[in-house]
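Undergrad: Sequence and predicted model, in that order:
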Amino acid sequence: MAVPVSRRTVLRSAGALGGGALAAGALAGTGADADPAAASAAAAPQPVTSEPDALSIRTDPFGTMPDGTPVTRYTLGSEHGVQVQLLDYGATVHRVLTPDRRGHRANVALGLSTLDEYRTKSPYFGAIVGRYANRIAKGRFTLDGHTYQIPVNDGENALHGGPVGFDKHVWDAEIERRHGRVGVRFRFVSPDGDMGFPGTLTTIVTYTLTARGELIIDYHATTDKATVVNLSNHTYWNLGGEGTGSVYDHLLWIDADRYTAVDGEAIPLGTLPNVHATPFDFRRPTAIGARIRAGDQQLINVKGYDHNWVLNGSGQRRIATVYHPTSGRHLAFTTDQPGLQFYAGDQLDGTLVGIGGNTYRQSDTLVLETQHFPDSPNQPDFPSTVLRPGQVFRTATTIDFGVARAD
């Protein structure tokens, strides 16, 4: 069922949801080539319902919150194709199983084994982050003459909505089934003053998996008082399989001519340098590790890649692809958002043990967050993130899973 929308969004309209299955070789939307490929394994619980195209949904318990609230895991997909597991805790992507060019499935999303680990240790693995994804400088912004203070949780700054953001709540959930697709509709109400933000914000995030191997993430939010909103999904990817090692061999393409320069705390300086002749130029598919150790001050500031790219174009369009040569697995991202945060996992230090029993270390992952720009409430030249009563925040991102066959 569709989420009703009374008016067009003030931030950006979702438009048509792009895409069929990604054809081998057509990785970059601008025609840049990359020869599309690691790991093993799989597993699943028990279907409650199944459709003619073999897509199914099943549920199973995933622990209990300290106040007694049960947490549920939802498994969407098919027996041999793409399978996605979601948690209603944080509206989180828990696991994503995809086949390689030999048909062997592996989990390509980093995650943790227990609810307690997610509650106490997770660096936003797979979660919906908000009310404001990314950073707000000093946790402070002024809107309509009023100054609001968000509790800081990233040095002197607020990150992903503050210490208790959207990722740390259990969302209401409703299963959705339509021909050729299955999904879960998550809903969370953030009250006025929650983490210092004004307005009661009602947020609905719907994950839909299609028979063609697309994961569509629809975002919808309304407020009763002027506020700021920036929502994103924070899945950590490794197309060789989570816990299998470095992603430095993954080829990344981003359709962006500029990025937001940052200081040593990852706060935008307000400038939008051109990517040309810098380590930030991914306009042709480039190995993530090719320039990550270059002596560029922007890389030094945040110990690698943790920047927002200013995406070319507008409306729903393909904005990024990732390809793993060994396994043949690839992802393609389509969105209507103006920005994309590329984070190369530099904070992972071997202290977390993932779902597969292996430790996660720096270089083991990449995160691609479709979004508005960081610190926009304090940057008047950036696209606005203000949402007012009577307006609707609505956006959609599609992640297309594919595999390139061996030549």
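TA: Perfect, thanks for sending it. Residues are numbered from 1 along each chain as shown.

Undergrad: tell me the average confidence for stretch 184-191?
TA: Stretch 184-191 carries an average pLDDT of 98.

Undergrad: Begin at 15, not 1, for the rest of this chat.
TA: Sure, I'll start counting at 15 from here, so that last one is stretch 198-205.

Undergrad: From residue 383, how far out is the residue nearest to residue 385 when sequence neighbours are not counted?
TA: Nearest non-adjacent residue to residue 385, counting by C-beta to C-beta, 6 or more residues apart in numbering: residue 246, 4.5 Å away. All C-beta spots, glycine's among them, are computed from the backbone N, C-alpha and C. To residue 383, residue 246 is 4 Å away according to C-beta to C-beta, to the nearest Å.

Undergrad: Have a look at the two and say which one is more surrounded.
TA: residue 246 (29 against 24; other C-beta atoms under 10 Å).

Undergrad: Which pLDDT value does the model give the more buried one?
TA: The model's pLDDT for residue 246 equals 98.

Undergrad: follow-up on the earlier one: overlap of the contact sets of residue 246 and residue 383?
TA: 143, 147-148, 355 (C-beta atoms under 8 Å, 6 or more residues apart in numbering).

Undergrad: any low-confidence regions in the protein?
TA: Counting by pLDDT under 70, the chain shows low-confidence ranges at 15-67, 420-421.

Undergrad: Can you show me the helices along it?
TA: Assigned by DSSP state H, the chain shows helices spanning 129-135, 311-315.

Undergrad: buried residues in the longest one?
TA: If I follow you right, that is helix 129-135. 129, 131-133 (16 or more other C-beta atoms under 10 Å).

Undergrad: Return the list of helices and strands in contact with that helix.
TA: strand 70-78 (3 or more C-beta pairs under 8 Å, 6 or more residues apart in numbering; DSSP states H and E).

Undergrad: Tell me the buried residues in the strand it packs on?
TA: Result for strand 70-78 [16+ other C-beta under 10 Å]: buried residues 70-73, 76-77.

Undergrad: how much space between residue 154 and residue 164?
TA: With C-beta to C-beta as the criterion, residue 154 and residue 164 are 7 Å apart.

Undergrad: could I get the buried residues of strand 70-78 as a markdown table with distance to residue 405?
TA: As requested, the buried residues of strand 70-78 are exported to a markdown table (distance: C-beta to C-beta, whole Å):
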| residue | distance to residue 405 |
| --- | --- |
| 70 | 37 |
| 71 | 33 |
| 72 | 37 |
| 73 | 34 |
| 76 | 35 |
| 77 | 37 |
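
Undergrad: now, among these, which is nearest to residue 326?
TA: Taking C-beta to C-beta as the measure, residue 326 lies nearest residue 71 of the buried residues of strand 70-78, at 36.4 Å.

Undergrad: so how far is residue 167 from that closest one?
TA: Taking C-beta to C-beta, one finds residue 71 at 34 Å from residue 167.

Undergrad: repeat for residue 100
TA: 25 Å.

Undergrad: How about residue 152?
TA: On the measure of C-beta to C-beta, residue 152 and residue 167 end up 12 Å apart.

Undergrad: Next: residue 115.
TA: Using C-beta to C-beta, we find residue 115 at a distance of 41 Å from residue 167.

Undergrad: cool, residue 93 as well?
TA: 41 Å.

Undergrad: out of those two, which sits in the busier spot?
TA: residue 167 (16 against 13).

Undergrad: thought the more buried one was touching residue 177?
TA: Yes. At 4.4 Å, residue 167 and residue 177 qualify as touching, with contact defined as C-beta atoms under 8 Å.

Undergrad: so what's the residue nearest to residue 283 when sequence neighbours are not counted up against?
TA: Counting by C-beta to C-beta, 6+ apart, residue 283 lies nearest to residue 275, which is 4.8 Å off, once chain neighbours are set aside. Residue 275 makes contact with 282-283, 285-287, 312, 321, according to C-beta under 8 Å, 6+ apart.

Undergrad: switch to 10 Å and redo it
TA: Each residue near residue 275 by C-beta atoms under 10 Å, 6 or more residues apart in numbering is listed here: 282-287, 294, 311-312, 315, 321-322.

Undergrad: With residue 316 instead?
TA: Counted by C-beta under 10 Å, 6+ apart, residue 316 has contacts 276-280, 357-358, 360-361.

Undergrad: what's the answer for residue 278, then?
TA: Residue 278 neighbours (C-beta under 10 Å, 6+ apart): 169, 311, 314-317.

Undergrad: and if we set it to 6 Å?
TA: Contact analysis of residue 278 by C-beta atoms under 6 Å, 6 or more residues apart in numbering lists residue 315.

Undergrad: Got the phi and psi for it?
TA: Note on residue 278: its backbone torsions stand at phi -70, psi -10 [degrees, to the nearest 10].
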